[in-house]
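Peer 1: Predicted model follows, preceded by the sequence.
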Amino acid sequence: MPADNLQKLCSDSRQKLKSAISIMEAFLNEHALPQLVQDEDEETAHFYKGFLSDVRHLLVFSEVSYEKLGVVERRPNFDAEFAEKALYNLYHRCVNNFFYPKNESYSEDGRYAYTGQDAIRFRKKPVRPARDVIMSITKIFEELRDDLAYYESDYLTERRLQSERNHA
C-alpha cells in the first residue's frame, strides 16, 4: 500500500477509535454492576459481569491501538512497517474483540446485516444504557473492519513470504 494511503488509513482509524473510546469511557464511568443488575437474579448478574468485562477489555485494547497509531503519526519519518503492524493489531485486538467478545454477552448475526436492521443480538435483553453503548460503537467497528479487512489475513501472509525470501 502506498505510504500516503497507509498514513491516511492510520489517521482515519485513530479518529474512529477516539470516538469509540469516548463512548465506552463515558458508559463505564457512569455505570457499575449494581446499577445494571438492579436486584435481579444470578444469571442477570453473571451476564452484566461478562458484559462489563468485555467493554473494559475492548476499551483497553482500543486505547493501546489509539496510542500506537499516535506514535505512527508523530514520528518524523513515516515507518510503514510499524504502521502496518499497528493496523494489524488494531484489527485483531479491537475489531475482533468487538465482534467476538469473550463472554459472549452479544454477537453479530450476519442474517440481519443486509436488512437494515441491527445485526447485534444480545444473549439477554440488556438495560437501555448497556444496549446503547454497544449500538453506538457498532458502526465504528463495522467501518474499521471494512477498512482493515486486508489485515485479517493478507498482512501475515505477506510477512511470511517476505521472511521466506529473506531466509532463502
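Peer 2: Right, received. Where do you want to start?
Peer 1: And the strands in this structure?
Peer 2: Along the chain, counting by DSSP state E, strands occupy 106-108, 120-122.
Peer 1: so what secondary structure elements neighbour the last one?
Peer 2: Okay, so that is strand 120-122. strand 106-108, helix 128-147 (3 or more CB pairs under 8 Å, 6 or more residues apart in numbering; DSSP states H and E). Every C-beta, even on glycine, is put in place using the N, C-alpha and C of the backbone.
Peer 1: Please enumerate the helices of the protein.
Peer 2: Using DSSP state H, the helices of the chain run over 3-30, 33-37, 42-74, 80-89, 96-99, 128-147, 150-167.
Peer 1: name the helices or strands packed onto the fourth one?
Peer 2: Yep, that's helix 80-89 we're talking about. Other helices and strands packing on helix 80-89, by 3+ CB pairs under 8 Å, 6+ apart, are helix 3-30, helix 42-74, helix 150-167.
Peer 1: Deepest-packed of the ones you listed, please.
Peer 2: Highest mean neighbour count among the helices and strands packed on helix 80-89 (mean count of other CB atoms under 10 Å): helix 42-74, with a mean of 17.
Peer 1: quick one: average confidence on that helix?
Peer 2: Averaged across helix 42-74, pLDDT comes to 95.
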